[in-house]
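Visitor: What follows is a predicted protein model with its sequence.
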Amino acid sequence: MTQTSHQFPSTPVIIKRELCYTFSFIFILISSIIVFNLRGSSKPLAFFRFGFFPAQKLIPNQQRPSLGACDYSYGTWVRDENYPIHLYDENCPFLDPGFRCRQNGRKDVEFLKWRWQPDGCDLPSFNATDFLERSRNGRIVFAGDSIGRNQWESLICMLAQAVSNQSTIFEENGSPITKHKGFFSMKFQEYNLTVEYYRAPFLVIINRPPIDSPAQIKVTNRVDELHWYSSRWMGANVLVFNTGHWWNKEKTVKMGCYFQEGGKVNMTMDVMEGFRRSLQTLKSWTTKNLNPDRSHVFLRSYSPVHYSNGTWNDGGLCDAEMEPQKNYAKLKAEPWNNQYIADVIKQMTYENWKVQLLNVTYLTEFRKDGHPSRHREPGTPGNAPQDCSHWCLPGIPDTWNELLYAHLLSMEFRTK
């Protein structure tokens with residue numbers, strides 16, 4: 001019987017064929033990812049959630065939460081006819097007139113019917129009574145720009161729902177809640193609690209330039225000196241810092257505001273570097289002036305704006321928006337500010353500080369429908385720019401405060 005001879009391909013042929021299969025698979029995989037992310041109605045894959053930065057870049061330790069923990073920052077807005085069931089309305093006496101959108105003429109209420117649903121878990125129900133009890137004899141401080149005031153007013157109205165006698169809630173200095181410069185301290189007398197707001201758009205000092213400075217320097221941004229109000233922040237139990245909306249060329253260099261460090265004006269320092277150095281100044285102040293066993297520090301991420309057909313001072317609009325963004329392809333890229341914020345938090349985390357990122361950027365980016373737009377405070381001229389950066393109240397900042405409460409619960413926060 002003749003034995004049949006089987007001839008096998010040589011080794012190089014096998015390797016070439018395997019490489020061909022491998023490259024084909026990689027090509028198909030990449031093509032699939034691109035197609036899925038270009039489809040506007042489809043939810044993007046996890047690592048393409050937002051812009052070009054992976055989601056974990058916004059978590060200080062650059063790791064996803066451990067099993068059993070929840071990242072409340074990523075999820076979906078769900079329409080819920082029963083929402084909100086525990087929040088306030090525009091009759092809350094502590095609201096700035098500019099945030100009372102319905103009283104200022106807004107007719108629709110659909111923007112109030114959306115509830116944030118995190119991926120893989122639920123937000124704890126906001127319990128105003130519990131929050132007040134946990135904060136008894138304490139201080140909660142918000143410091144930053146007017147978007148921070150938006151959040152501060154929201155929290156006051158959310159907490160006030162648990163106080164039967166609202167005359168026991170008052171501004172300690174008798175100041176009306178308006179856009180005027182300065183600070184406010186709302187006293188919850190029954191709980192001996194103050195909830196404070198300090199207007200410091202850059203968090204650092206803005207002051208006159210050194211003598212004999214060039215004529216184009218009108219004021220300087222002292223990136224190495226925290227705002228004078230910082231002496232009032234010491235001893236607070238919860239501090240929520242925010243900054244970012246003023247960190248652009250239009251509100252700095254183009255207005256004659258240059259950056260100063262060590263008593264000298266640096267004419268070549270750009271906005272991004274000034275922002276980075278100001279955060280390092282905040283970090284230095286925090287580590288030197290706060291007690292990590294007492295103070296819980298949050299840095300809130302950037303709150304997106306939603307101007308279309310122009311910018312805030314160039315005819316930008318948002319008054320036609322009636323529902324959240326549903327086309328993921330239209331979400332804007334990650335704001336550059338957030339990476340600097342995440343970096344400084346990571347540095348402080350290594351030093352065992354109770355510093356958290358209050359990450360609201362992704363969830364807020366969807367809510368193009370939540371701004372005052374043309375429904376601004378009474379007396380605003382009809383041709384005034386629309387407001388597509390602040391938020392109607394009740395509204396989106398309520399969700400930010402739900403996240404704040406959830407973080408504090410996870411940290412077992414309670415004043416001592």
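Guide: Arrived safely.
Visitor: Break down the stretch 1-150 of the chain into its helices, ranges please.
Guide: Assigned by DSSP state H, counting those that start in this stretch, the helices in the stretch 1-150 of the chain fall at 11-38, 128-134, 146-160.
Visitor: all strands of the chain, in order?
Guide: 75-79, 114-118, 139-144, 169-171, 183-188, 193-199, 204-207, 219-226, 238-241, 257-261, 264-266, 296-300, 355-358 (DSSP state E).
Visitor: Find the centremost residue of this protein, please.
Guide: Nearest to the mean C-alpha position of the chain, counting by Cα atoms, centre = their mean, stands S301 at 3.3 Å.
Visitor: Out of the strands of the chain, the one nearest T380 is which?
Guide: Across those, T380 has its closest neighbour in strand 193-199 (20.1 Å, Cβ to Cβ). C-betas here are computed from N, CA, C, even on glycine.
Visitor: how many degrees apart are that closest one and helix 146-160 in direction?
Guide: Strand 193-199 and helix 146-160 meet at an angle of 160 degrees, taking axes from the mean of the first three to the mean of the last three Cα atoms, to 10 degrees as the criterion.
Visitor: Give me the angle between strand 193-199 and strand 139-144.
Guide: 10 degrees.
Visitor: Could you report the neighbour count for the closest residue to P93 other than its chain neighbours?
Guide: Excluding the flanking residues, the one nearest P93 by Cβ to Cβ, 6 or more residues apart in numbering is Q166, at 6.8 Å. Residues contacting Q166 under the criterion other Cβ atoms under 10 Å number 12.
Visitor: I figured Q166 was touching Y88, is that so?
Guide: No - counting by Cβ atoms under 8 Å, Q166 does not reach Y88; the two are 10.8 Å apart.
Visitor: shared neighbours of those two, anything?
Guide: Common neighbours of Q166 and Y88 are listed as A160 (criterion: Cβ atoms under 8 Å, 6 or more residues apart in numbering).
Visitor: from memory F170 sits against S185, does it?
Guide: No - with contacts counted by Cβ under 8 Å, F170 stays clear of S185, the gap being 9.6 Å.
Visitor: Quick check: E172 vs S301, distance?
Guide: E172 sits 30 Å away from S301, going by Cβ to Cβ, to the nearest Å.
Visitor: And Y191, by the same measure?
Guide: Taking Cβ to Cβ, one finds Y191 at 29 Å from S301.
Visitor: for the nearest residue to K249 once chain neighbours are set aside, what are its contacts?
Guide: Once flanking residues are discounted, K249 sits nearest to V271: 6.1 Å by Cβ to Cβ, 6+ apart. Counting by Cβ under 8 Å, 6+ apart, V271 makes contact with 247-249, 252-253.
Visitor: Among those, find me the one that's closest to D387.
Guide: D387 has its nearest neighbour among the contacts of V271 in N248, at 17.0 Å by Cβ to Cβ.
Visitor: got a list of what that closest one touches?
Guide: Listed by Cβ under 8 Å, 6+ apart, the contact set of N248 reads V271.
Visitor: Could you do G395 as well?
Guide: Residues near G395 by Cβ under 8 Å, 6+ apart: 99, 101, 111-112, 154, 370.
Visitor: any idea how far Q339 is from the nearest residue to P335 once chain neighbours are set aside?
Guide: Distances taken as Cβ to Cβ, 6+ apart place Y302 nearest to P335, at 4.2 Å, with adjacent residues excluded. Separation of Y302 from Q339 (Cβ to Cβ): 10 Å.
Visitor: Please identify which of these two sits among more neighbours.
Guide: Legend: neighbour count by other Cβ under 10 Å for Y302 and Q339, higher for Y302 (22 against 14).
Visitor: How about the contacts made by that one?
Guide: 244-245, 335, 337-338, 341, 361.
Visitor: Swap in 6 Å and give it another go.
Guide: Residues near Y302 by Cβ atoms under 6 Å, 6 or more residues apart in numbering: 244, 335, 337-338, 361.
Visitor: For those residues, give me JSON lines that also has distance to P292, pLDDT and neighbour count.
Guide: Below are the contacts of Y302 laid out as JSON lines (distance: Cβ to Cβ, whole Å; pLDDT from 0 to 100; neighbours: other Cβ atoms under 10 Å):
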{"residue": "G244", "distance to P292": "25", "pLDDT": "90", "neighbour count": "24"}
{"residue": "P335", "distance to P292": "28", "pLDDT": "93", "neighbour count": "20"}
{"residue": "N337", "distance to P292": "25", "pLDDT": "93", "neighbour count": "21"}
{"residue": "N338", "distance to P292": "24", "pLDDT": "96", "neighbour count": "22"}
{"residue": "T361", "distance to P292": "26", "pLDDT": "97", "neighbour count": "24"}
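Visitor: Just the closest of those to K346, please.
Guide: Taking the contacts of Y302 together and measuring to K346 by Cβ to Cβ, the closest member is N338, at 12.3 Å.
Visitor: What's the local residue count around the nearest residue to L393 once chain neighbours are set aside?
Guide: Closest residue in space to L393, ignoring its immediate chain neighbours: F99 at 4.2 Å, by Cβ to Cβ, 6+ apart. By the criterion of other Cβ under 10 Å, F99 has 28 neighbours.
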